[in-house]
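A.B. asks: got a sequence here, can you build the structure:
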Amino acid sequence: MRPYRNIKDSELERLGAVREWNRDILLSLTLPAPILWVHSSREKFHRLDPLDSCLVKTITIHRIQGGVIKTNFGSYSIETGKNLFYACGCKKFCDCYGQLYSLTSSTH
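C.D. replies: Numbers count the residues shown, from 1 in each chain. I've put the predicted structure just below:
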């Protein structure tokens, strides 16, 4: 399991995703493939609906290159599912970093 939680297990279940990150399952996907993205600091934006598309969305994996997952919404580590770049540091809402969760429909 990954070290932080930015979404509840019940929410993941409703969205059809799993918390556990399994790179072998990821590598077996037929690409392009959908995957769930959740903003890393989702809990800080309590004025927004927790499932607002700025905080939770389905994105598409286009390719896996070495240890990097390339999507239509940035690049992520194949080992952790976390974005490869740190937040830009701005003090307003920013969608520059997040966490990926495998969709159950994609893993079968």
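A.B. asks: and after the top helix by length along the chain, which helix or strand comes next?
C.D. replies: Criterion DSSP state H: the longest helix present in the chain is helix 9-15. Sequence-wise, the next helix or strand downstream of helix 9-15 (DSSP states H and E) is helix 23-27.
A.B. asks: can I get that next one in PDB, CA atoms only?
C.D. replies: The C-alpha trace of helix 23-27 is given here as PDB (Å, rounded to 0.1, in the frame of the first residue of the first chain):
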ATOM      1  CA  ARG A  23       2.900  -2.500 -11.600                       C
ATOM      2  CA  ASP A  24       2.600  -6.000 -13.100                       C
ATOM      3  CA  ILE A  25      -1.100  -5.500 -13.700                       C
ATOM      4  CA  LEU A  26      -0.300  -2.100 -15.200                       C
ATOM      5  CA  LEU A  27       2.300  -3.500 -17.500                       C
END
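A.B. asks: now do the buried residues in it.
C.D. replies: Buried positions in helix 23-27, judged by neighbour count with 16 or more other Cβ atoms under 10 Å: 23, 26. Placement of C-beta: from N, CA and C, glycine included.
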